[in-house]
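Novice: Output the structure for:
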Amino acid sequence: FEMAHSISSYSLITLSKYALPLLSCQNDNDDDNDAAANHRFRSPSITTLTHLGSTRAVQNYNIMGPAKASLEALVRGLALELSPEPHRIRVNAVSAGPINTLAARGIRDFGKMRHDVEERSFLKRSVTGEEVGDVVDFVASSRASGITGQVLFCDGGYCAMGG
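Specialist: Reported below is the predicted structural model:
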């Protein structure tokens with residue numbers, strides 16, 4: 001339990017602490033109009049990965065569900081603290097469908113989980129690592145300058161399925 005939270009949740013606090021001086025927006029030399037005009041383009045971001053198991057019971061996901069729930073609570077809390085001036089750092093999470101990674105291979109019956117997503121998602125397939133990367137790229141970019149404290153899903157619509 002402690003190790004899962006340390007790796008999947010608490011590490012976001014440590015990362016944010018060390019990234020803060022590198023990402024914080026400094027407007028000491030800007031007048032009010034310039035700061036407002038540049039706000040959309042000067043929008044640093046911290047993005048983490050999460051999973052649907054944070055809010056739903058997922059077979060064999062075990063202790064990772066509470067760890068990801070903790071991570072998502074930290075995303076909201078850090079967004080509350082870091083999004084306003086002087087930092088203006090957006091904090092978000094991307095919830096990916098099952099992707100064949102080293103970590104995923106540690107989940108018992110991962111192939112069965114992936115097959116279930118392929119059968120039941122709106123797209124009738126798994127998402128790729130590249131697709132998840134594209135969502136992370138978007139949410140970290142200035143095109144998403146109004147998004148903070150959110151979990152964005154990239155799972156082919158699986159999270160929206162009922163029953």
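Novice: Wasn't residue 47 part of a helix?
Specialist: No - secondary structure of residue 47 (DSSP: H, G, I helix; E, B strand; the rest coil): strand, not part of a helix.
Novice: Is it in contact with residue 141, as I believe?
Specialist: No - using C-beta atoms under 8 Å, residue 47 is not in contact with residue 141, being 10.3 Å away. All C-beta atoms are positioned from the backbone trio N, CA, C, and that covers glycine.
Novice: Among the two, which residue is more densely surrounded?
Specialist: The residue with more neighbours, out of residue 47 and residue 141, is residue 47; 18 against 11, by other C-beta atoms under 10 Å.
Novice: what pairs with that one across the strands?
Specialist: residue 92 (DSSP bridges).
Novice: per-residue confidence at it?
Specialist: Per-residue pLDDT puts residue 47 at 98.
Novice: With residue 67 instead?
Specialist: For residue 67, the pLDDT comes out at 95.
Novice: residues contacting it?
Specialist: Residue 67 makes contact with 4-5, 7-9, according to C-beta atoms under 8 Å, 6 or more residues apart in numbering.
Novice: hang on, it in a helix?
Specialist: Yes - using three-state DSSP, the assignment for residue 67 is a helix.
Novice: Low-confidence stretches in the chain?
Specialist: Applying pLDDT under 70 to the chain flags the ranges 25-42, 163.
Novice: Please repeat the previous calculation with a cut-off of 50.
Specialist: Scanning the chain for pLDDT under 50 picks out 27-31.
Novice: Which residues does stretch 3-14 contact?
Specialist: Here stretch 3-14 makes contact (C-beta under 8 Å, 6+ apart) with 46, 48, 63-64, 66-68, 70-71, 74-75, 78.
Novice: Please type out the ChimeraX selection for whichever of the contacts of residue 67 turn out to be buried.
Specialist: Selection command for ChimeraX covering only the buried members of the contacts of residue 67, criterion 16 or more other C-beta atoms under 10 Å:
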select :4,5,8,9
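Novice: residues contacting residue 70?
Specialist: Contacts of residue 70 (C-beta under 8 Å, 6+ apart): 5, 8-10.
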